[in-house]
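Visitor: quick one, what's the 3D model for this:
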Amino acid sequence: MGSSGMRESAGTGSISPYNQPGQLPAGIFLEFEAAFQFAQVYVNGSLMGTHRGGYTGFYFDITSAVTPGDNVIAIQVTAHGTPKSPARG
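Guide: As a prediction, the model looks like this:
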(Lines give C-alpha, C1' and ligand atoms only; values in the text may rest on other atoms or scores of the structure.)
Protein backbone atom coordinates (compact mmCIF):
# COMPACT_ATOMS: atom_id res chain seq x y z
CA MET A 1 0.00 0.00 0.00
CA GLY A 2 1.38 3.38 -0.94
CA SER A 3 1.55 6.47 1.23
CA SER A 4 -1.63 7.75 -0.43
CA GLY A 5 -3.69 5.00 1.21
CA MET A 6 -4.31 3.34 -2.16
CA ARG A 7 -3.63 -0.32 -2.86
CA GLU A 8 -2.75 -1.77 -6.26
CA SER A 9 -4.92 -4.72 -7.31
CA ALA A 10 -2.91 -7.90 -7.94
CA GLY A 11 -2.43 -8.73 -11.59
CA THR A 12 -4.63 -5.98 -13.03
CA GLY A 13 -2.53 -2.86 -12.52
CA SER A 14 -5.64 -0.97 -11.42
CA ILE A 15 -5.78 1.02 -8.22
CA SER A 16 -8.63 0.90 -5.74
CA PRO A 17 -9.21 2.73 -2.47
CA TYR A 18 -8.33 1.00 0.78
CA ASN A 19 -10.54 1.68 3.78
CA GLN A 20 -9.43 2.30 7.35
CA PRO A 21 -7.83 -0.63 9.20
CA GLY A 22 -10.44 -3.16 10.34
CA GLN A 23 -12.93 -2.21 7.62
CA LEU A 24 -13.36 -4.10 4.37
CA PRO A 25 -14.37 -2.60 1.01
CA ALA A 26 -17.95 -3.23 -0.15
CA GLY A 27 -16.92 -5.62 -2.94
CA ILE A 28 -13.75 -7.71 -3.21
CA PHE A 29 -13.06 -9.52 -6.47
CA LEU A 30 -10.30 -11.95 -7.41
CA GLU A 31 -9.47 -11.81 -11.14
CA PHE A 32 -7.49 -14.26 -13.28
CA GLU A 33 -6.28 -13.73 -16.83
CA ALA A 34 -6.40 -17.51 -17.47
CA ALA A 35 -5.81 -20.90 -15.83
CA PHE A 36 -5.43 -24.02 -17.97
CA GLN A 37 -7.73 -26.06 -17.83
CA PHE A 38 -9.93 -26.46 -14.74
CA ALA A 39 -9.57 -24.10 -11.77
CA GLN A 40 -11.11 -24.15 -8.30
CA VAL A 41 -10.70 -21.04 -6.13
CA TYR A 42 -10.96 -21.16 -2.32
CA VAL A 43 -10.85 -18.35 0.22
CA ASN A 44 -10.42 -19.33 3.87
CA GLY A 45 -11.49 -22.88 3.01
CA SER A 46 -14.70 -21.85 1.18
CA LEU A 47 -15.09 -22.69 -2.50
CA MET A 48 -15.69 -19.41 -4.32
CA GLY A 49 -16.13 -20.92 -7.76
CA THR A 50 -14.78 -23.02 -10.60
CA HIS A 51 -13.76 -22.24 -14.18
CA ARG A 52 -13.17 -24.46 -17.22
CA GLY A 53 -11.08 -23.43 -20.20
CA GLY A 54 -7.54 -22.25 -20.57
CA TYR A 55 -7.76 -19.18 -22.75
CA THR A 56 -10.35 -16.94 -21.10
CA GLY A 57 -10.18 -14.69 -18.09
CA PHE A 58 -12.54 -15.04 -15.14
CA TYR A 59 -13.25 -13.53 -11.74
CA PHE A 60 -15.04 -14.31 -8.49
CA ASP A 61 -16.66 -12.08 -5.90
CA ILE A 62 -14.91 -13.18 -2.68
CA THR A 63 -16.44 -10.53 -0.39
CA SER A 64 -18.45 -13.05 1.65
CA ALA A 65 -15.38 -15.13 2.56
CA VAL A 66 -12.83 -12.40 3.35
CA THR A 67 -12.35 -11.35 6.97
CA PRO A 68 -10.35 -8.51 8.54
CA GLY A 69 -6.74 -9.61 9.08
CA ASP A 70 -5.01 -12.50 7.35
CA ASN A 71 -6.84 -14.54 4.72
CA VAL A 72 -5.85 -17.70 2.82
CA ILE A 73 -6.43 -17.85 -0.94
CA ALA A 74 -5.88 -21.24 -2.60
CA ILE A 75 -6.18 -22.01 -6.29
CA GLN A 76 -6.19 -25.60 -7.55
CA VAL A 77 -5.58 -25.94 -11.29
CA THR A 78 -5.94 -29.30 -13.05
CA ALA A 79 -4.72 -29.81 -16.63
CA HIS A 80 -6.28 -33.16 -17.52
CA GLY A 81 -6.09 -33.97 -21.19
CA THR A 82 -8.94 -35.13 -23.37
CA PRO A 83 -8.78 -36.69 -26.84
CA LYS A 84 -9.36 -33.19 -28.29
CA SER A 85 -7.09 -31.39 -25.83
CA PRO A 86 -3.92 -33.13 -24.61
CA ALA A 87 -2.68 -32.55 -21.06
CA ARG A 88 -0.22 -29.70 -20.56
CA GLY A 89 1.84 -28.59 -17.69
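
Visitor: count the neighbours of the closest residue in space to residue 76 that isn't next to it in sequence for me.
Guide: Take residue 76 and drop its neighbours on the chain: the residue closest to it by CB to CB, 6 or more residues apart in numbering is residue 40, 4.6 Å away. Heads up, the C-betas are built off the backbone N, CA and C, glycines and all. Neighbour count for residue 40, taken as other CB atoms under 10 Å: 15.

Visitor: next one: the one 5 residues further on
Guide: Taking other CB under 10 Å as the neighbour definition, residue 45 ends up with a count of 8.

Visitor: repeat that for residue 32.
Guide: Around residue 32 there are 16 residues (other CB under 10 Å).

Visitor: what of residue 39?
Guide: Close neighbours of residue 39, defined as other CB under 10 Å, add up to 20.

Visitor: likewise the one 10 residues further on?
Guide: Number of residues near residue 49 (other CB under 10 Å) recorded here: 14.

Visitor: also residue 41?
Guide: By the criterion of other CB under 10 Å, residue 41 has 23 neighbours.

Visitor: for stretch 61-72, what does the pLDDT average out to?
Guide: The average pLDDT within stretch 61-72 is 91.

Visitor: contacts for it next, please.
Guide: 22-30, 41-46, 48, 73 (CB atoms under 8 Å, 6 or more residues apart in numbering).

Visitor: take the residues you listed and keep only those in strands.
Guide: 29, 30, 41, 42, 43, 46, 48, 73 (DSSP state E).

Visitor: now those as TSV including distance to residue 61?
Guide: Converted to TSV, these look like this (distance: CB to CB, whole Å):
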residue	distance to residue 61
29	6
30	8
41	11
42	14
43	10
46	12
48	8
73	14
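
Visitor: could you count how many residues lie near residue 52?
Guide: For residue 52, the neighbour count with other CB under 10 Å is 11.

Visitor: OK, contacts around it?
Guide: With CB under 8 Å, 6+ apart, residue 52 has these contacts: 37, 38.

Visitor: and the pLDDT for it?
Guide: In this model, residue 52 is scored at 92, pLDDT.

Visitor: do the one 4 residues further on as well
Guide: In this model, residue 56 is scored at 91, pLDDT.

Visitor: pull up the distance across stretch 54-61, start to finish.
Guide: From the first residue to the last, stretch 54-61 extends over 20 Å; the measure is CA to CA, to the nearest Å.

Visitor: that's all I had, so thanks and see you.
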